[in-house]
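**Student:** turn this into a model:
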Amino acid sequence: MSIKKYTYNYGTIKTMLLDSVNNIIWLFFNKINNGKCHIVQVSAGDLYEGQYDVEIIADTIVKARQNTAYLYVALTASSVLGTRYSKTNPFTDYMTYGIPANIAEDVVSMDIDSNGYAYFLTPGILSSENAKIYVYTNNGVYTEMIDLVESGKIINNAIDMTIDTNDDIWIITSDTPAKLVRVYFESGGWKYTVTEMSVIT
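**Tutor:** Predicted coordinates for the structure are as follows:
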């Protein structure tokens, strides 16, 4: 078996997304000396063959998601929580998600629902902070913050999130035992349940 080698003049790879319909891989690089992160589109058959190299002014790429039309990227940056890019024209067809007032922590994860709404998670690790989810419409408009602060179920130390096919939000924490949090919309408001997960060592 031979190993092919490819060299990119960027920082470390944070993550990747596979577009299996178009046989495309999107590579997400954290910044290097030029101070910019990069999104690079390559062919799954030839990692030097591709159309796009998008520069992002940000400290780090946190997470990337996709649907059929767009790439969604959560960032650590001074002025935005993230960015949405068109897969077919990312240089000019893009949109940013602004930072809401009074947000106290950097984003640790994000996902999108079936309507293209974007959800950004902050962890609740700072003193007097708890985990929160910031919700944006498919036009990039900030709409609300889901505050995971219900009495007896305050969520801290959130590390990741995902959204299922029912548009329920699932969060995992780094607590011991870890907490699995299901956040769902019911009767006009957001509710959540908590399940503790112990690990046998």
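**Student:** for residue 58, see how far away residue 116 is.
**Tutor:** From residue 116 over to residue 58 the distance is 22 Å, taken as Cβ to Cβ, to the nearest Å. C-beta here means a position set from N, CA and C on the backbone, and glycine is covered the same way.
**Student:** of the two, who's got more company?
**Tutor:** Just comparing residue 116 and residue 58: by other Cβ atoms under 10 Å the higher neighbour count belongs to residue 58, 22 against 16.
**Student:** for that one, give me its contacts.
**Tutor:** Shown in contact with residue 58 (Cβ atoms under 8 Å, 6 or more residues apart in numbering): 31, 36-37, 75-77, 80.
**Student:** from those, which land in strands?
**Tutor:** 37, 75-76, 80 (DSSP state E).
**Student:** distance to residue 69 added to those residues, as TSV?
**Tutor:** Shown next, in TSV, are the ones in strands among the contacts of residue 58 (distance: Cβ to Cβ, whole Å):
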residue	distance to residue 69
37	22
75	20
76	25
80	20
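**Student:** output these in CSV; the columns should cover neighbour count and distance to residue 171.
**Tutor:** As requested, those are exported to CSV (neighbours: other Cβ atoms under 10 Å; distance: Cβ to Cβ, whole Å):
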residue, neighbour count, distance to residue 171
37, 25, 25
75, 26, 19
76, 17, 19
80, 19, 22
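**Student:** ok, of those residues, which one's closest to residue 50?
**Tutor:** residue 37 (16.6 Å; Cβ to Cβ).
**Student:** so what sits opposite the closest one in the bridge?
**Tutor:** Residue 37 forms beta bridges with residue 56, as assigned by DSSP bridges.
**Student:** isn't it up against residue 56?
**Tutor:** Yes. Using Cβ atoms under 8 Å as the test, residue 37 is close enough to residue 56 to be in contact (4.3 Å).
**Student:** overlap in contacts, those two.
**Tutor:** What both residue 37 and residue 56 touch, as defined by Cβ under 8 Å, 6+ apart, is the set residue 75.
**Student:** look up how far residue 147 lies from the residue nearest to residue 75 when sequence neighbours are not counted.
**Tutor:** Setting aside the residues directly before and after it, residue 75 is nearest to residue 58 in space (Cβ to Cβ, 6 or more residues apart in numbering), at 4.2 Å. Distance, residue 58 to residue 147, by Cβ to Cβ: 26 Å.
**Student:** with residue 30 instead?
**Tutor:** When residue 30 is compared with residue 147 (using Cβ to Cβ), they lie 30 Å apart.
**Student:** so for the two, which residue has more residues nearby?
**Tutor:** residue 30 (20 against 14).
**Student:** check the residue nearest to the more buried one when sequence neighbours are not counted and give its pLDDT.
**Tutor:** Computed as Cβ to Cβ, 6+ apart, the closest residue to residue 30 that is not its neighbour in sequence is residue 11, at 4.2 Å. Residue 11 carries a pLDDT value of 83.
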